[in-house]
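In: Pasting a predicted model and its sequence here:
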Protein chains: 2
Amino acid sequence: MFIAEGSKIVLDFLKNGAKPYLLIASKTWINENAINNSEDIYTINNETNTKCRIIETEENIIKKCSALSTPTNILAVFRYSESKIENIENNLSIVLDNVQDPGNLGTIIRTAEWFGIKNIICSKGTVDVYNPKVIQATMGAVLGVNITYTDIKEIISKHASPEFPIYGTYMEGENLYTKKLSNKGFIVMGNEGKGISKEITRLITEKISIPNARPGTGIAESLNVAIACSIICSEFFRINSYI
Amino acid sequence: MFIAEGSKIVLDFLKNGAKPYLLIASKTWINENAINNSEDIYTINNETNTKCRIIETEENIIKKCSALSTPTNILAVFRYSESKIENIENNLSIVLDNVQDPGNLGTIIRTAEWFGIKNIICSKGTVDVYNPKVIQATMGAVLGVNITYTDIKEIISKHASPEFPIYGTYMEGENLYTKKLSNKGFIVMGNEGKGISKEITRLITEKISIPNARPGTGIAESLNVAIACSIICSEFFRINSYI
(Lines give C-alpha, C1' and ligand atoms only; values in the text may rest on other atoms or scores of the structure.)
Protein backbone atom coordinates (compact mmCIF):
# COMPACT_ATOMS: atom_id res chain seq x y z
CA MET A 1 0.00 0.00 0.00
CA PHE A 2 1.05 3.63 -0.29
CA ILE A 3 0.06 6.99 1.12
CA ALA A 4 -1.14 10.11 -0.67
CA GLU A 5 -2.02 13.36 1.07
CA GLY A 6 -4.02 16.48 0.35
CA SER A 7 -7.50 16.83 -1.08
CA LYS A 8 -6.55 17.51 -4.70
CA ILE A 9 -4.11 14.64 -5.02
CA VAL A 10 -6.34 12.14 -3.17
CA LEU A 11 -9.33 13.05 -5.37
CA ASP A 12 -7.08 12.81 -8.46
CA PHE A 13 -5.97 9.34 -7.42
CA LEU A 14 -9.58 8.25 -6.88
CA LYS A 15 -10.61 9.76 -10.22
CA ASN A 16 -7.87 7.84 -11.99
CA GLY A 17 -8.78 4.46 -10.58
CA ALA A 18 -6.55 4.06 -7.53
CA LYS A 19 -8.10 1.64 -5.05
CA PRO A 20 -8.41 3.19 -1.58
CA TYR A 21 -7.86 0.95 1.44
CA LEU A 22 -8.64 3.70 3.93
CA LEU A 23 -9.03 7.46 4.14
CA ILE A 24 -8.21 9.47 7.27
CA ALA A 25 -9.96 12.82 7.10
CA SER A 26 -11.25 15.74 9.13
CA LYS A 27 -14.97 16.31 9.59
CA THR A 28 -14.77 19.32 7.26
CA TRP A 29 -13.22 17.30 4.44
CA ILE A 30 -15.79 14.53 4.82
CA ASN A 31 -18.71 16.98 4.81
CA GLU A 32 -17.46 18.53 1.59
CA ASN A 33 -16.44 15.38 -0.27
CA ALA A 34 -18.29 12.29 0.93
CA ILE A 35 -21.68 10.88 1.87
CA ASN A 36 -21.99 8.44 4.74
CA ASN A 37 -23.54 5.07 3.91
CA SER A 38 -23.27 3.10 7.10
CA GLU A 39 -20.86 3.16 10.02
CA ASP A 40 -17.48 4.19 8.56
CA ILE A 41 -18.30 3.47 4.90
CA TYR A 42 -18.72 6.50 2.64
CA THR A 43 -19.29 7.29 -1.02
CA ILE A 44 -16.95 9.91 -2.46
CA ASN A 45 -18.71 12.80 -4.21
CA ASN A 46 -16.96 12.71 -7.54
CA GLU A 47 -17.22 11.16 -11.00
CA THR A 48 -16.20 7.73 -9.72
CA ASN A 49 -18.47 7.56 -6.65
CA THR A 50 -15.92 5.27 -5.04
CA LYS A 51 -17.02 3.63 -1.82
CA CYS A 52 -14.45 3.45 0.92
CA ARG A 53 -13.80 3.40 4.63
CA ILE A 54 -13.07 6.79 6.17
CA ILE A 55 -11.78 7.36 9.68
CA GLU A 56 -12.93 10.76 10.86
CA THR A 57 -10.39 12.40 13.10
CA GLU A 58 -8.97 15.76 14.11
CA GLU A 59 -6.40 17.61 12.05
CA ASN A 60 -3.74 17.31 14.75
CA ILE A 61 -4.02 13.51 14.55
CA ILE A 62 -3.67 13.63 10.74
CA LYS A 63 -0.65 15.85 11.29
CA LYS A 64 0.96 13.11 13.37
CA CYS A 65 0.49 10.57 10.54
CA SER A 66 1.64 12.97 7.84
CA ALA A 67 4.90 12.93 5.93
CA LEU A 68 4.37 16.51 4.73
CA SER A 69 5.83 19.60 6.35
CA THR A 70 2.45 21.31 5.91
CA PRO A 71 -0.12 18.57 6.53
CA THR A 72 -3.65 18.86 5.18
CA ASN A 73 -6.99 17.49 6.37
CA ILE A 74 -6.96 14.29 4.31
CA LEU A 75 -4.58 11.36 4.09
CA ALA A 76 -5.32 8.26 2.02
CA VAL A 77 -3.92 4.76 2.05
CA PHE A 78 -4.17 3.21 -1.42
CA ARG A 79 -3.65 -0.37 -2.50
CA TYR A 80 -0.52 -0.79 -4.54
CA SER A 81 -1.23 -2.11 -8.02
CA GLU A 82 1.70 -3.52 -9.92
CA SER A 83 2.24 -2.06 -13.36
CA LYS A 84 3.95 -4.00 -16.11
CA ILE A 85 6.12 -2.35 -18.71
CA GLU A 86 4.79 -2.99 -22.17
CA ASN A 87 5.58 -2.64 -25.84
CA ILE A 88 9.15 -1.54 -25.20
CA GLU A 89 10.23 -2.33 -28.77
CA ASN A 90 8.14 0.35 -30.47
CA ASN A 91 8.37 3.17 -27.94
CA LEU A 92 10.64 5.52 -26.09
CA SER A 93 11.11 4.49 -22.47
CA ILE A 94 12.99 6.18 -19.65
CA VAL A 95 15.62 4.18 -17.76
CA LEU A 96 16.76 5.51 -14.37
CA ASP A 97 20.21 4.58 -13.10
CA ASN A 98 20.02 5.13 -9.32
CA VAL A 99 18.05 8.37 -9.13
CA GLN A 100 17.98 9.07 -5.38
CA ASP A 101 15.85 12.10 -4.70
CA PRO A 102 12.11 11.41 -4.26
CA GLY A 103 11.17 14.83 -5.68
CA ASN A 104 13.23 14.13 -8.79
CA LEU A 105 11.64 10.72 -9.39
CA GLY A 106 8.13 12.11 -8.81
CA THR A 107 8.75 15.00 -11.19
CA ILE A 108 10.22 12.69 -13.84
CA ILE A 109 7.08 10.52 -13.65
CA ARG A 110 4.80 13.57 -13.92
CA THR A 111 6.72 14.89 -16.93
CA ALA A 112 6.99 11.49 -18.65
CA GLU A 113 3.23 11.02 -18.36
CA TRP A 114 2.71 14.49 -19.84
CA PHE A 115 4.80 13.63 -22.90
CA GLY A 116 3.17 10.23 -23.38
CA ILE A 117 6.09 8.06 -22.29
CA LYS A 118 4.57 4.78 -21.14
CA ASN A 119 7.42 2.96 -19.42
CA ILE A 120 9.90 3.98 -16.73
CA ILE A 121 12.45 1.30 -15.94
CA CYS A 122 14.29 1.86 -12.65
CA SER A 123 17.51 0.31 -11.43
CA LYS A 124 17.12 -1.45 -8.10
CA GLY A 125 19.04 1.41 -6.45
CA THR A 126 16.52 4.02 -7.58
CA VAL A 127 14.34 5.55 -4.84
CA ASP A 128 11.08 3.67 -4.20
CA VAL A 129 8.20 4.98 -6.29
CA TYR A 130 5.89 4.44 -3.30
CA ASN A 131 7.90 6.75 -1.08
CA PRO A 132 5.26 9.36 -0.05
CA LYS A 133 7.39 12.22 -1.38
CA VAL A 134 7.56 10.55 -4.79
CA ILE A 135 3.80 10.00 -4.82
CA GLN A 136 3.12 13.65 -3.90
CA ALA A 137 5.47 14.95 -6.62
CA THR A 138 3.81 12.83 -9.35
CA MET A 139 0.50 14.67 -8.80
CA GLY A 140 -1.30 11.44 -9.64
CA ALA A 141 0.65 10.77 -12.84
CA VAL A 142 2.10 7.61 -11.26
CA LEU A 143 -1.15 5.91 -12.36
CA GLY A 144 -0.54 6.79 -16.02
CA VAL A 145 2.95 5.33 -16.46
CA ASN A 146 4.18 1.74 -16.14
CA ILE A 147 7.02 1.62 -13.63
CA THR A 148 9.23 -1.35 -12.87
CA TYR A 149 12.39 -2.03 -10.84
CA THR A 150 14.80 -4.40 -12.48
CA ASP A 151 18.39 -5.10 -13.51
CA ILE A 152 18.74 -2.25 -16.03
CA LYS A 153 22.03 -3.61 -17.37
CA GLU A 154 20.23 -6.75 -18.44
CA ILE A 155 17.21 -5.04 -19.99
CA ILE A 156 19.39 -2.54 -21.89
CA SER A 157 21.65 -5.31 -23.23
CA LYS A 158 18.61 -7.27 -24.33
CA HIS A 159 17.04 -4.44 -26.35
CA ALA A 160 19.97 -2.42 -27.73
CA SER A 161 20.24 -2.63 -31.52
CA PRO A 162 21.00 -0.30 -34.44
CA GLU A 163 17.24 0.37 -34.64
CA PHE A 164 16.84 0.75 -30.87
CA PRO A 165 19.27 3.42 -29.61
CA ILE A 166 20.32 3.75 -25.97
CA TYR A 167 20.56 7.50 -25.24
CA GLY A 168 22.52 8.89 -22.31
CA THR A 169 23.38 12.48 -21.34
CA TYR A 170 27.04 13.44 -21.06
CA MET A 171 28.94 16.74 -21.11
CA GLU A 172 30.73 15.61 -24.27
CA GLY A 173 27.61 14.24 -25.98
CA GLU A 174 26.19 15.44 -29.29
CA ASN A 175 23.94 18.50 -29.31
CA LEU A 176 20.40 17.42 -28.43
CA TYR A 177 18.93 20.13 -30.68
CA THR A 178 20.75 19.14 -33.87
CA LYS A 179 21.15 15.39 -33.45
CA LYS A 180 18.78 12.99 -35.22
CA LEU A 181 16.46 11.51 -32.58
CA SER A 182 14.54 8.25 -32.91
CA ASN A 183 10.94 7.56 -31.94
CA LYS A 184 12.00 4.48 -30.03
CA GLY A 185 14.79 3.52 -27.66
CA PHE A 186 15.83 4.06 -24.06
CA ILE A 187 16.60 7.46 -22.54
CA VAL A 188 18.93 6.73 -19.62
CA MET A 189 19.16 9.30 -16.79
CA GLY A 190 21.81 8.95 -14.09
CA ASN A 191 22.27 9.54 -10.38
CA GLU A 192 22.16 13.15 -9.07
CA GLY A 193 25.80 13.27 -8.01
CA LYS A 194 27.49 10.62 -10.12
CA GLY A 195 25.58 10.65 -13.40
CA ILE A 196 25.27 7.40 -15.35
CA SER A 197 27.39 4.61 -13.84
CA LYS A 198 30.45 3.26 -15.67
CA GLU A 199 28.79 -0.10 -16.12
CA ILE A 200 25.79 1.43 -17.88
CA THR A 201 27.90 3.97 -19.83
CA ARG A 202 29.41 1.03 -21.75
CA LEU A 203 25.93 0.21 -23.06
CA ILE A 204 25.05 3.75 -24.23
CA THR A 205 24.98 3.91 -28.04
CA GLU A 206 24.07 7.62 -28.43
CA LYS A 207 25.66 10.21 -26.15
CA ILE A 208 23.68 13.43 -26.11
CA SER A 209 24.18 16.74 -24.37
CA ILE A 210 22.02 19.76 -23.56
CA PRO A 211 24.09 22.71 -24.77
CA ASN A 212 25.19 25.33 -22.27
CA ALA A 213 24.79 28.97 -23.34
CA ARG A 214 28.27 29.82 -22.08
CA PRO A 215 30.31 26.63 -22.40
CA GLY A 216 33.26 26.69 -20.02
CA THR A 217 32.34 30.00 -18.42
CA GLY A 218 28.91 29.27 -16.94
CA ILE A 219 28.64 28.49 -13.23
CA ALA A 220 26.30 25.48 -13.07
CA GLU A 221 28.22 22.38 -14.13
CA SER A 222 25.09 20.40 -14.86
CA LEU A 223 21.32 20.56 -14.79
CA ASN A 224 19.13 18.89 -12.19
CA VAL A 225 18.29 15.36 -13.41
CA ALA A 226 14.53 15.96 -13.54
CA ILE A 227 15.12 19.18 -15.51
CA ALA A 228 17.49 17.46 -17.95
CA CYS A 229 15.02 14.60 -18.37
CA SER A 230 12.16 17.01 -19.09
CA ILE A 231 14.14 18.95 -21.69
CA ILE A 232 15.09 15.69 -23.41
CA CYS A 233 11.51 14.36 -23.32
CA SER A 234 10.27 17.69 -24.68
CA GLU A 235 12.73 17.59 -27.57
CA PHE A 236 11.92 13.97 -28.47
CA PHE A 237 8.23 14.84 -28.34
CA ARG A 238 8.70 17.93 -30.52
CA ILE A 239 10.76 16.03 -33.11
CA ASN A 240 8.38 13.08 -33.24
CA SER A 241 5.14 15.12 -33.25
CA TYR A 242 5.84 18.36 -35.11
CA ILE A 243 8.70 17.75 -37.57
CA MET B 1 24.15 37.22 4.68
CA PHE B 2 23.13 33.75 3.57
CA ILE B 3 24.04 30.15 4.29
CA ALA B 4 25.35 27.47 1.94
CA GLU B 5 26.15 23.91 3.01
CA GLY B 6 28.21 21.00 1.74
CA SER B 7 31.76 20.94 0.46
CA LYS B 8 31.01 21.06 -3.27
CA ILE B 9 28.59 23.96 -3.11
CA VAL B 10 30.70 25.98 -0.64
CA LEU B 11 33.81 25.55 -2.81
CA ASP B 12 31.74 26.44 -5.90
CA PHE B 13 30.55 29.62 -4.21
CA LEU B 14 34.11 30.55 -3.25
CA LYS B 15 35.35 29.80 -6.77
CA ASN B 16 32.69 32.05 -8.24
CA GLY B 17 33.52 35.04 -6.09
CA ALA B 18 31.10 34.79 -3.17
CA LYS B 19 32.50 36.62 -0.14
CA PRO B 20 32.61 34.39 2.93
CA TYR B 21 31.90 35.91 6.30
CA LEU B 22 32.55 32.71 8.22
CA LEU B 23 32.94 28.99 7.66
CA ILE B 24 31.96 26.37 10.22
CA ALA B 25 33.73 23.11 9.45
CA SER B 26 34.92 19.84 10.89
CA LYS B 27 38.63 19.15 11.43
CA THR B 28 38.57 16.70 8.50
CA TRP B 29 37.18 19.28 6.09
CA ILE B 30 39.70 21.89 7.22
CA ASN B 31 42.63 19.48 6.84
CA GLU B 32 41.57 18.65 3.30
CA ASN B 33 40.65 22.13 2.09
CA ALA B 34 42.40 24.89 4.01
CA ILE B 35 45.73 26.05 5.43
CA ASN B 36 45.87 27.83 8.76
CA ASN B 37 47.45 31.29 8.74
CA SER B 38 46.98 32.53 12.27
CA GLU B 39 44.41 31.89 14.95
CA ASP B 40 41.12 31.20 13.14
CA ILE B 41 42.14 32.67 9.78
CA TYR B 42 42.70 30.18 6.94
CA THR B 43 43.49 30.19 3.24
CA ILE B 44 41.26 27.95 1.14
CA ASN B 45 43.14 25.47 -1.07
CA ASN B 46 41.56 26.29 -4.41
CA GLU B 47 42.01 28.53 -7.45
CA THR B 48 40.89 31.60 -5.53
CA ASN B 49 42.98 31.12 -2.36
CA THR B 50 40.33 33.03 -0.46
CA LYS B 51 41.24 33.95 3.10
CA CYS B 52 38.51 33.56 5.66
CA ARG B 53 37.65 32.82 9.25
CA ILE B 54 36.86 29.19 10.00
CA ILE B 55 35.37 27.91 13.23
CA GLU B 56 36.48 24.33 13.73
CA THR B 57 33.83 22.26 15.41
CA GLU B 58 32.37 18.76 15.60
CA GLU B 59 29.94 17.40 13.05
CA ASN B 60 27.14 17.14 15.60
CA ILE B 61 27.39 20.90 16.22
CA ILE B 62 27.26 21.59 12.45
CA LYS B 63 24.23 19.32 12.36
CA LYS B 64 22.49 21.56 14.87
CA CYS B 65 23.10 24.64 12.68
CA SER B 66 22.12 22.87 9.48
CA ALA B 67 18.96 23.34 7.43
CA LEU B 68 19.59 20.08 5.53
CA SER B 69 18.07 16.73 6.36
CA THR B 70 21.47 15.12 5.76
CA PRO B 71 23.98 17.66 7.10
CA THR B 72 27.59 17.65 5.92
CA ASN B 73 30.83 18.72 7.56
CA ILE B 74 30.91 22.29 6.24
CA LEU B 75 28.52 25.21 6.51
CA ALA B 76 29.36 28.67 5.19
CA VAL B 77 27.93 32.10 5.88
CA PHE B 78 28.39 34.35 2.84
CA ARG B 79 27.91 38.06 2.52
CA TYR B 80 24.90 38.95 0.44
CA SER B 81 25.78 40.97 -2.63
CA GLU B 82 22.95 42.78 -4.34
CA SER B 83 22.61 42.08 -8.05
CA LYS B 84 21.02 44.59 -10.40
CA ILE B 85 19.00 43.52 -13.38
CA GLU B 86 20.50 44.91 -16.56
CA ASN B 87 19.90 45.34 -20.26
CA ILE B 88 16.31 44.14 -20.05
CA GLU B 89 15.41 45.69 -23.42
CA ASN B 90 17.60 43.42 -25.54
CA ASN B 91 17.24 40.12 -23.70
CA LEU B 92 14.89 37.45 -22.51
CA SER B 93 14.24 37.68 -18.78
CA ILE B 94 12.22 35.44 -16.49
CA VAL B 95 9.48 37.00 -14.35
CA LEU B 96 8.17 34.98 -11.41
CA ASP B 97 4.66 35.65 -10.14
CA ASN B 98 4.64 34.29 -6.56
CA VAL B 99 6.63 31.07 -6.98
CA GLN B 100 6.50 29.60 -3.46
CA ASP B 101 8.61 26.47 -3.33
CA PRO B 102 12.32 27.03 -2.55
CA GLY B 103 13.36 24.00 -4.62
CA ASN B 104 11.46 25.35 -7.61
CA LEU B 105 13.06 28.80 -7.38
CA GLY B 106 16.54 27.31 -6.93
CA THR B 107 16.07 24.99 -9.90
CA ILE B 108 14.71 27.82 -12.07
CA ILE B 109 17.83 29.88 -11.26
CA ARG B 110 20.15 26.94 -12.04
CA THR B 111 18.40 26.31 -15.37
CA ALA B 112 18.19 30.00 -16.33
CA GLU B 113 21.93 30.38 -15.75
CA TRP B 114 22.55 27.30 -17.93
CA PHE B 115 20.63 28.82 -20.82
CA GLY B 116 22.26 32.22 -20.48
CA ILE B 117 19.27 34.12 -19.11
CA LYS B 118 20.70 37.09 -17.20
CA ASN B 119 17.75 38.49 -15.29
CA ILE B 120 15.14 36.95 -13.01
CA ILE B 121 12.53 39.41 -11.80
CA CYS B 122 10.53 38.17 -8.81
CA SER B 123 7.24 39.44 -7.46
CA LYS B 124 7.44 40.45 -3.82
CA GLY B 125 5.46 37.32 -2.91
CA THR B 126 8.05 34.99 -4.44
CA VAL B 127 10.09 32.90 -1.98
CA ASP B 128 13.31 34.59 -0.77
CA VAL B 129 16.31 33.75 -2.94
CA TYR B 130 18.45 33.63 0.22
CA ASN B 131 16.34 30.89 1.78
CA PRO B 132 18.94 28.12 2.38
CA LYS B 133 16.89 25.61 0.34
CA VAL B 134 16.89 27.97 -2.65
CA ILE B 135 20.64 28.49 -2.35
CA GLN B 136 21.29 24.73 -2.20
CA ALA B 137 19.10 24.05 -5.25
CA THR B 138 20.89 26.69 -7.37
CA MET B 139 24.17 24.76 -7.06
CA GLY B 140 26.00 28.09 -7.09
CA ALA B 141 24.22 29.44 -10.17
CA VAL B 142 22.67 32.20 -8.03
CA LEU B 143 25.97 34.07 -8.57
CA GLY B 144 25.54 33.98 -12.36
CA VAL B 145 22.08 35.53 -12.66
CA ASN B 146 20.79 38.97 -11.66
CA ILE B 147 17.84 38.59 -9.34
CA THR B 148 15.57 41.31 -8.08
CA TYR B 149 12.32 41.57 -6.11
CA THR B 150 9.98 44.24 -7.33
CA ASP B 151 6.45 45.16 -8.38
CA ILE B 152 6.25 42.91 -11.45
CA LYS B 153 3.03 44.55 -12.65
CA GLU B 154 4.86 47.86 -12.92
CA ILE B 155 7.97 46.50 -14.64
CA ILE B 156 5.91 44.46 -17.15
CA SER B 157 3.71 47.48 -17.98
CA LYS B 158 6.79 49.61 -18.47
CA HIS B 159 8.48 47.25 -20.95
CA ALA B 160 5.64 45.60 -22.91
CA SER B 161 5.56 46.63 -26.58
CA PRO B 162 4.97 44.97 -29.95
CA GLU B 163 8.75 44.33 -30.09
CA PHE B 164 8.96 43.16 -26.47
CA PRO B 165 6.46 40.30 -25.94
CA ILE B 166 5.22 39.19 -22.53
CA TYR B 167 4.96 35.39 -22.63
CA GLY B 168 2.86 33.41 -20.17
CA THR B 169 1.99 29.71 -20.03
CA TYR B 170 -1.70 28.73 -20.17
CA MET B 171 -3.55 25.53 -21.02
CA GLU B 172 -5.19 27.32 -23.96
CA GLY B 173 -1.99 29.00 -25.17
CA GLU B 174 -0.40 28.53 -28.58
CA ASN B 175 1.87 25.52 -29.15
CA LEU B 176 5.36 26.37 -27.87
CA TYR B 177 6.96 24.21 -30.56
CA THR B 178 5.31 25.85 -33.55
CA LYS B 179 4.87 29.45 -32.37
CA LYS B 180 7.30 32.15 -33.45
CA LEU B 181 9.47 33.03 -30.44
CA SER B 182 11.38 36.27 -29.95
CA ASN B 183 14.93 36.71 -28.66
CA LYS B 184 13.75 39.31 -26.19
CA GLY B 185 10.83 39.75 -23.83
CA PHE B 186 9.59 38.47 -20.49
CA ILE B 187 8.77 34.83 -19.78
CA VAL B 188 6.28 34.92 -16.89
CA MET B 189 5.92 31.82 -14.71
CA GLY B 190 3.15 31.60 -12.12
CA ASN B 191 2.50 30.22 -8.66
CA GLU B 192 2.55 26.41 -8.15
CA GLY B 193 -1.14 26.09 -7.34
CA LYS B 194 -2.73 29.16 -8.91
CA GLY B 195 -0.66 29.81 -12.01
CA ILE B 196 -0.26 33.39 -13.21
CA SER B 197 -2.46 35.81 -11.24
CA LYS B 198 -5.42 37.54 -12.90
CA GLU B 199 -3.77 40.90 -12.53
CA ILE B 200 -0.68 39.76 -14.44
CA THR B 201 -2.67 37.71 -16.97
CA ARG B 202 -4.08 41.01 -18.29
CA LEU B 203 -0.55 42.06 -19.22
CA ILE B 204 0.40 38.85 -21.08
CA THR B 205 0.68 39.51 -24.82
CA GLU B 206 1.62 35.97 -25.97
CA LYS B 207 -0.07 32.97 -24.38
CA ILE B 208 1.93 29.81 -24.91
CA SER B 209 1.36 26.21 -23.96
CA ILE B 210 3.49 23.07 -23.70
CA PRO B 211 1.50 20.46 -25.63
CA ASN B 212 0.29 17.36 -23.81
CA ALA B 213 0.76 14.03 -25.61
CA ARG B 214 -2.77 12.95 -24.74
CA PRO B 215 -4.82 16.17 -24.48
CA GLY B 216 -7.88 15.62 -22.33
CA THR B 217 -7.04 12.03 -21.43
CA GLY B 218 -3.69 12.41 -19.65
CA ILE B 219 -3.59 12.38 -15.86
CA ALA B 220 -1.29 15.27 -14.93
CA GLU B 221 -3.17 18.54 -15.40
CA SER B 222 -0.02 20.59 -15.51
CA LEU B 223 3.74 20.41 -15.29
CA ASN B 224 5.78 21.46 -12.27
CA VAL B 225 6.65 25.18 -12.66
CA ALA B 226 10.43 24.59 -12.72
CA ILE B 227 9.96 21.87 -15.36
CA ALA B 228 7.70 24.09 -17.49
CA CYS B 229 10.18 26.95 -17.16
CA SER B 230 13.08 24.74 -18.23
CA ILE B 231 11.24 23.40 -21.29
CA ILE B 232 10.37 26.96 -22.31
CA CYS B 233 13.93 28.23 -21.74
CA SER B 234 15.26 25.24 -23.71
CA GLU B 235 12.96 25.98 -26.66
CA PHE B 236 13.80 29.71 -26.71
CA PHE B 237 17.49 28.82 -26.56
CA ARG B 238 17.15 26.27 -29.38
CA ILE B 239 15.22 28.69 -31.61
CA ASN B 240 17.60 31.57 -30.98
CA SER B 241 20.84 29.57 -31.24
CA TYR B 242 20.28 26.81 -33.80
CA ILE B 243 17.57 27.97 -36.24
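Out: Cool, got the structure. Residues are numbered from 1 along each chain as shown, chains lettered A, B, ... in the order given.
In: Could I get the full set of strands for chain A?
Out: Secondary structure of chain A by DSSP state E: the strands cover A:2-5, A:19-25, A:34-38, A:41-44, A:51-56, A:74-79, A:92-96, A:119-123, A:146-150, A:166-175, A:185-189, A:206-209.
In: Those: which one's closest to chain B?
Out: Closest approach to chain B among those is made by strand A:166-175 (7.6 Å; CB to the nearest CB). Yep, even glycine has a C-beta here, placed from its N, CA and C like the rest.
In: so how far is the closest one from its chain's centroid?
Out: Remark: strand A:166-175 is offset 22 Å from the chain centroid, using CA atoms, centre = their mean, to the nearest Å.
In: how about it: buried residues?
Out: Across strand A:166-175, burial judged by 16 or more other CB atoms under 10 Å in any protein chain shown covers A:166-169, A:173.
In: cool, and stretch A:44-55?
Out: A:44, A:50, A:52, A:54.
In: What is the nearest of the residues you listed to A:Ile121?
Out: Nearest to A:Ile121 among those: A:Thr50, at 30.4 Å, using CB to CB.
In: looking at it, that closest one is touching A:Asn37, isn't it?
Out: No. A:Thr50 is beyond contact range of A:Asn37, at 11.7 Å (criterion: CB atoms under 8 Å).
In: anything in contact with each of those two?
Out: A:Thr43 (CB atoms under 8 Å, 6 or more residues apart in numbering or on different chains).
In: picking that back up, okay, the strands of chain A in CSV with distance to A:Ala67 next?
Out: Listed next are the strands of chain A as CSV, based on distance: least, CB to CB, whole Å:
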stretch, distance to A:Ala67
strand A:2-5, 7
strand A:19-25, 13
strand A:34-38, 23
strand A:41-44, 22
strand A:51-56, 17
strand A:74-79, 9
strand A:92-96, 22
strand A:119-123, 21
strand A:146-150, 20
strand A:166-175, 31
strand A:185-189, 25
strand A:206-209, 35
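In: Map the structural domains onto the sequence of chain A.
Out: In terms of domains, chain A is parsed into A:2-79, A:88-242 (source: automatic domain parsing).
In: chain center to the last one: distance?
Out: The one in question is domain A:88-242. Using CA atoms, centre = their mean, the mean C-alpha position of domain A:88-242 is found 11 Å from that of the whole chain.
In: likewise stretch A:1-8?
Out: 15 Å.
In: Quick one: mean pLDDT over that stretch.
Out: In this model, stretch A:1-8 carries a mean pLDDT of 93.
In: residues in contact with A:Lys51?
Out: Neighbouring residues of A:Lys51 by CB under 8 Å, 6+ apart: A:37, A:41-44.
In: switch to 10 Å and redo it
Out: Going by CB atoms under 10 Å, 6 or more residues apart in numbering or on different chains, A:Lys51 touches A:20, A:34-35, A:37, A:41-44.
In: Please apply the same query to A:Ala34.
Out: The neighbourhood of A:Ala34, defined by CB under 10 Å, 6+ apart, consists of A:23, A:25, A:41-46, A:50-52, A:54, A:56.
In: Repeat the analysis, applying 7 Å as the threshold.
Out: Neighbour list for A:Ala34: A:42-45, A:54 [criterion: CB atoms under 7 Å, 6 or more residues apart in numbering or on different chains].
In: ok so, going back, what about the domains of chain A, which gets the closest to B:Pro71?
Out: Closest among the domains of chain A, once you apply CB to CB, is domain A:88-242, at 16.2 Å.
In: For chain B, tell me whether the closest one is touching it.
Out: Yes. Using CB under 7 Å from any CB of the partner chain, we find that domain A:88-242 touches chain B at A:103, A:107, A:110-111, A:113-116, A:139-141, A:143-144, A:177-178, A:212-214, A:218-220, A:223-224, A:226-227, A:230-231, A:234, A:237-238, A:242.
In: What subset of the residues you listed is buried?
Out: Neighbour counting by 16+ other CB under 10 Å classes A:103, A:107, A:110-111, A:113-116, A:139-141, A:143-144, A:177, A:212-213, A:219-220, A:223-224, A:226-227, A:230-231, A:234, A:237-238 among these as buried.
In: for chain A, which helix is longest?
Out: Taking DSSP state H as the criterion, chain A has its longest helix at helix A:225-242.
In: Would you mind pulling up the elements that that one packs against?
Out: helix A:102-114, strand A:185-189, helix B:225-242 (3 or more CB pairs under 7 Å, 6 or more residues apart in numbering or on different chains; DSSP states H and E).
In: Turn these into JSON lines, including distance to B:Val77.
Out: Supplementary listing: the helices and strands packed on helix A:225-242 in JSON lines, determined by distance: least, CB to CB, whole Å:
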{"stretch": "helix A:102-114", "distance to B:Val77": "26"}
{"stretch": "strand A:185-189", "distance to B:Val77": "34"}
{"stretch": "helix B:225-242", "distance to B:Val77": "27"}
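In: Redo the ones you listed as JSON lines? Include mean pLDDT and distance to B:Ile121.
Out: As requested, the helices and strands packed on helix A:225-242 are exported to JSON lines (pLDDT from 0 to 100; distance: least, CB to CB, whole Å):
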{"stretch": "helix A:102-114", "mean pLDDT": "97", "distance to B:Ile121": "25"}
{"stretch": "strand A:185-189", "mean pLDDT": "98", "distance to B:Ile121": "31"}
{"stretch": "helix B:225-242", "mean pLDDT": "97", "distance to B:Ile121": "13"}
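In: what's the offset of stretch A:27-37 from the middle of its chain?
Out: 30 Å.
In: now do stretch A:48-59
Out: Computed by CA atoms, centre = their mean, the chain-centroid distance of stretch A:48-59 equals 26 Å.
In: what about that stretch, how long is it end to end?
Out: This stretch, stretch A:48-59, spans 26 Å end to end (CA to CA, to the nearest Å).
In: now stretch A:42-59
Out: End-to-end span of stretch A:42-59 (CA to CA): 19 Å.
In: likewise stretch A:106-122?
Out: One end of stretch A:106-122 sits 13 Å from the other (CA to CA).
In: Measure how buried A:Thr217 is and give me the count.
Out: As a burial measure, A:Thr217 scores 8 neighbours (other CB atoms under 10 Å in any protein chain shown).
In: Verify the stated contact: A:Asn46 with A:Asp12.
Out: No. The pair A:Asn46 / A:Asp12 is not scored as a contact, 9.7 Å apart, by CB atoms under 7 Å.
In: and A:Asn104, what is it in contact with?
Out: A:192, A:225-226.
In: which stretches of chain A have low pLDDT?
Out: For chain A, no stretch is flagged by pLDDT under 70.
In: which residue sits closest to the residue nearest the centre of it, ignoring its sequence neighbours?
Out: Centre of chain A computed as the mean C-alpha position; nearest residue by CA atoms, centre = their mean is A:Ile109, 2.0 Å away. Nearest non-adjacent residue to A:Ile109, counting by CB to CB, 6 or more residues apart in numbering or on different chains: A:Thr138, 4.5 Å away.
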